[in-house]
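S.K.: Pasting a predicted model and its sequence here:
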Amino acid sequence: MSFIILNDNKEVLNYESSHNHPGNEINASKSLIKHKIKDEIKKSLIPSDIKSKRIFDKISQKIGYICPEYKTIKTQITRYKNKQLFPNVKTFDEVPNETEYYKTIRGEYFMIFKNSNIIIFQSPFQAKLFMENKYIFADGTFLIAPTNSYQVFITRTYVTELNCFYTTSMSILKNKEQTTYEILFNEIKKNIIKYNANINFLEKIFHCDFEKGISNAMENIFPNINVKYCFWHYKRLLMTKNK
């Protein structure tokens, strides 16, 4: 005796059999595994992070010898996973203003600003770290910047309680103009003031490299703030000039 349970898409949800028909059992188990992996992908907020092979290995241990090889379903699973992702974004205007991807596990939105030149991300927890810690470090990186942007700009702080550095904001910039940096720091300032209107920014020490657009923007948005320049960048600059 055997029975098959199907969903609305004719995918096998469960299959039991007491007959010896290896071909039928393999096809049924293949459909069952695909359904379970697709279900995990669909439930995930970040489908790209789903480890399909890991799920397959876990399920296949329960199914046993009738389980198909992973390579027989890999292409279909990859195609399904890609369908759950956003299409490739070519301009900032195509970046959505609101999406589930902008939510923390607490359900808090962390994209705080977007225009044609910059997108700023800062969660409430990151804003809290920015408020409560004295030293703020900032730098841009080009290696992870999306193809339609110039750089990813990150601010960090050292959190004594966590004994590590922690990111306090991350932004995608299309340029390195001072006006863009001013928008960046002003929006971060506005976001932090939402949580603490009495914060004293003068108590903070801001560390950055020797890019004047960054330090000028910081001093314009936070007048009289203490700006210190990175010794590593200074040493690198001297070495470059001495060559």
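M.R.: That came in fine, so what should we check first? Computed from a predicted structure; not experimentally measured.

S.K.: Please count neighbours and contacts with C-alpha atoms only from this point.
M.R.: Noted.

S.K.: For the lengthiest helix in the chain, buried residues please.
M.R.: For the chain, the helix with the greatest residue count under DSSP state H is helix 22-43. By 16 or more other Cα atoms under 10 Å, the buried positions in helix 22-43 come out as 25-26, 28-38, 41.

S.K.: Output the below-cut-off pLDDT ranges for this protein.
M.R.: 1-25, 45, 63-66, 86-87, 232-235, 237, 243 (pLDDT under 70).

S.K.: What are the boundaries of the helices in it?
M.R.: Going by DSSP H, the chain shows helices at 22-43, 52-63, 74-83, 124-132, 178-195, 212-221, 231-242.

S.K.: Save these as JSON lines, and put in distance to Tyr102 too.
M.R.: Listed next are these as JSON lines, based on distance: least, Cα to Cα, whole Å:
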{"stretch": "helix 22-43", "distance to Tyr102": "16"}
{"stretch": "helix 52-63", "distance to Tyr102": "24"}
{"stretch": "helix 74-83", "distance to Tyr102": "19"}
{"stretch": "helix 124-132", "distance to Tyr102": "12"}
{"stretch": "helix 178-195", "distance to Tyr102": "16"}
{"stretch": "helix 212-221", "distance to Tyr102": "26"}
{"stretch": "helix 231-242", "distance to Tyr102": "33"}
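
S.K.: neighbours around the nearest residue to Ser123 once chain neighbours are set aside, how many?
M.R.: Using Cα to Cα, 6 or more residues apart in numbering and skipping the chain neighbours, the partner closest in space to Ser123 is Phe110 (4.3 Å). For Phe110, the neighbour count with other Cα atoms under 10 Å is 19.

S.K.: Tell me the spacing between Phe110 and Ile120.
M.R.: Separation of Phe110 from Ile120 (Cα to Cα, to the nearest Å): 8 Å.

S.K.: do Ile199 as well
M.R.: Ile199 sits 21 Å away from Ile120, going by Cα to Cα.

S.K.: you'd agree Thr168 is up against Pro124?
M.R.: No: the criterion here is Cα atoms under 8 Å, and Thr168 misses it with Pro124 at 9.5 Å.

S.K.: Dump the longest helix of the chain to PDB, restricted to CA.
M.R.: Extracted in PDB, the C-alpha atoms of helix 22-43 (Å, rounded to 0.1, in the frame of the first residue of the first chain):
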ATOM      1  CA  PRO A  22      12.500   2.300  -6.700                       C
ATOM      2  CA  GLY A  23      11.900   4.600  -9.600                       C
ATOM      3  CA  ASN A  24       8.600   5.900  -8.200                       C
ATOM      4  CA  GLU A  25      10.000   6.300  -4.700                       C
ATOM      5  CA  ILE A  26      13.000   8.300  -5.900                       C
ATOM      6  CA  ASN A  27      10.800  10.600  -7.900                       C
ATOM      7  CA  ALA A  28       8.500  11.100  -5.000                       C
ATOM      8  CA  SER A  29      11.400  11.700  -2.500                       C
ATOM      9  CA  LYS A  30      12.900  14.200  -5.000                       C
ATOM     10  CA  SER A  31       9.600  16.100  -5.100                       C
ATOM     11  CA  LEU A  32       9.300  16.000  -1.300                       C
ATOM     12  CA  ILE A  33      12.900  17.300  -0.800                       C
ATOM     13  CA  LYS A  34      12.400  20.100  -3.300                       C
ATOM     14  CA  HIS A  35       9.200  21.200  -1.600                       C
ATOM     15  CA  LYS A  36      10.800  21.200   1.900                       C
ATOM     16  CA  ILE A  37      13.800  23.200   0.700                       C
ATOM     17  CA  LYS A  38      11.600  25.700  -1.200                       C
ATOM     18  CA  ASP A  39       9.500  26.100   1.900                       C
ATOM     19  CA  GLU A  40      12.600  27.000   4.000                       C
ATOM     20  CA  ILE A  41      13.600  29.500   1.300                       C
ATOM     21  CA  LYS A  42      10.200  31.100   1.200                       C
ATOM     22  CA  LYS A  43      10.000  31.500   5.000                       C
END
